[in-house]
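In: Sequence first, then the predicted structure:
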Amino acid sequence: MTRSISRYHWHGETFSIPPGAQHLLASPHCAHQAYALGKHFGLQCHVEMTEELVRAWCAEWGADVDRVAVRVPSVQTAAEMTRDLPARVAASNRIAATIYGEWIQGLRP
């Protein structure tokens, strides 16, 4: 099943899913955010974020992404990234725990 999630995503690039892979996640701006191929898992977004990491990214690259965000709708501004940050990080981490937990189960013999 393909689900749509929107998490920390600062780019407009995407990728093609390898032949035989199962498409898992999409977003309005990225048709291919995750796939599985056997025991391999590909993910193009950041569900593992912490408040400290989001703030560090915004401090380091916030001005750059703010300039790109006006013309690339998939790029979030620093203000968007930090809005309701504790709740958004908690929600993202719950998704990460589910995704990685399922993936780890698939690695077991």
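Out: Received it, and whenever you're ready, just let me know what you need.

In: quick one: least confident helix or strand in this protein?
Out: strand 3-4 (a mean of 40; mean pLDDT, DSSP states H and E).

In: Check which helices and strands the helix or strand just after it sits against.
Out: Sequence order places strand 22-27 as the next helix or strand after strand 3-4, per DSSP states H and E. Packed against strand 22-27 by the contact rule (3 or more Cβ pairs under 8 Å, 6 or more residues apart in numbering; DSSP states H and E) you find strand 3-4, strand 30-37. No exception for glycine: its C-beta is placed from N, CA and C like everyone else's.

In: Looking at those, which is nearest to Ala59?
Out: strand 30-37 (24.9 Å; Cβ to Cβ).

In: Mind checking the pLDDT average for that closest one?
Out: Taken as a whole, strand 30-37 has an average pLDDT of 86.

In: Return the list of strands paired to the helix or strand just after it, each annotated with direction.
Out: Using DSSP H and E, the helix or strand that follows strand 30-37 towards the C-terminus is strand 40-43. Using DSSP bridges, the strands paired with strand 40-43 in its sheet are strand 30-37 (antiparallel).
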